[in-house]
Structures are given as structure tokens and as C-alpha cells.
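> Sequence first, then the predicted structure:
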Amino acid sequence: MFFVVPFIQRRILGRQNDENDAHPPQEANRNERVPQATTNSSAPAHNNKVGAGILIRTLSRGDPSFSKHPKLNDFVKVHVEIFLNDKTKVDSTRDRNQPLVFQVGAKEVIEGLEVAIQKVCVTQRVEVIIPHLYAYGDEGKLPEIPPKSTLVAHLELLEIIPKENFQ
């Protein structure tokens, strides 16, 4: 098997070697930018608030026999559609009919997707609201994503590939 994250997916979805990645954030900002992997137990079952404002809403529960969640270092195959708050589509693996494969925790995609994918079961479809701090920050990713943009992602986990099985 051969999996490559195409340039457009890295450019739109990933945060590869941003200027900020070379310099660790100041201590006060580190706590704001690192999401906590907890859920809000008082929220209804179909809405889970994760991290600092990352909201996951179930669109389709998927097959109940697939209750496994990805963990760090697993490779995942997903379909993802990224929208701005005004519903402008920024990117879609579905439109290209080419799922995205990435390693959880390897910073190949934006932080909000890294956090959300660990809460999703195989075959489940969710909508993820990603605040700008867990997307492209204050600077955005021009011209597609303006500064301080909250993103909406429709995410479907197609498959979990354990690290030891990935080739």
C-alpha cells in the first residue's frame, strides 16, 4: 500500500513547519493552545465539547460493532470536508474521492482534527467546530482561510491502521 498526503491536503489541512512551530510558545500561551482530551459529561450524548471550545456533534453514529477509537501513533484513513463559518467549502477529500491518511499525534493535520479524531469511532460521521487557535491561528492560511477563522469540519473515520501494520 502506498499512502501520500497530497500537497493540497498538507497545505489546507496540515501545519507543516509553520514559523511558530520552530519556537515553542510562551508559557502562558502553551496552556491555551494545548487542548485537553476531556469531554463535557453534562452535554447531551450527541454533542461533546473537547478541549477549549472544540465541539463535536454526531451526524451519523456508524456501525455499533466498531467502537474502537484511534490512539496516538495509529494511522487513520478519513474523509474530511473543511468549511468556513459562512459555509464556504475550503477543501474536501470526498470531492476528490481520495481519503486522507495521517498518523495521529504526528502534527500532519491541524490540532483540532488531531484532538477530534481520537473521540470518533470507525464509520462514525461527526461535525467538528474548530476555533482558530486549533486551526490556523491569528494568521490564517491565505487566501483560502482568513485570519482568526473558526473552521467547521465534517469528519468520517473510515479505518484505523495500527502503526505496526502500516506500510
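Here it is on my side, so go on.

> hang on, isn't Leu84 packed against Leu151?
Yes: applying Cβ atoms under 8 Å as the test, Leu84 and Leu151 come out as touching, 6.8 Å apart. Where you see a C-beta, it was placed from the backbone N, CA and C, and this is true even at glycine.

> Which residue of these two possesses the greater neighbour count?
Shown here are Leu84 and Leu151; by other Cβ atoms under 10 Å, Leu151 has more neighbours (23 against 15).

> Next, show the common contact partners of Leu84 and Leu151.
Val90, Ile145 (Cβ atoms under 8 Å, 6 or more residues apart in numbering).

> give me the low-pLDDT residue ranges for the chain?
Applying pLDDT under 70 to the chain flags the ranges 1-52, 167.

> ok, which stretches of it are helices?
Taking DSSP state H as the criterion, the chain contains helices spanning 7-13, 19-22, 27-33, 93-96, 111-117.

> Show me what the last one is packed up against.
Looking back up the chat, that one is helix 111-117. Helix 111-117 is packed against strand 54-60, strand 75-84, strand 125-130, strand 151-161, with contacts defined by 3 or more Cβ pairs under 8 Å, 6 or more residues apart in numbering; DSSP states H and E.

> Recalculate using a threshold of 6 Å.
strand 54-60 (3 or more Cβ pairs under 6 Å, 6 or more residues apart in numbering; DSSP states H and E).

> And the strand it packs on, what's buried?
Neighbour-count burial for strand 54-60 flags Ile54, Leu55, Ile56, Thr58 (criterion: 16 or more other Cβ atoms under 10 Å).

> wait, what's in contact with Pro162?
Pro162 is in contact with Asp74, counting by Cβ atoms under 6 Å, 6 or more residues apart in numbering.

> same question, Lys89
Contacts of Lys89 (Cβ under 6 Å, 6+ apart): Phe83.

> Appreciated, that's everything.
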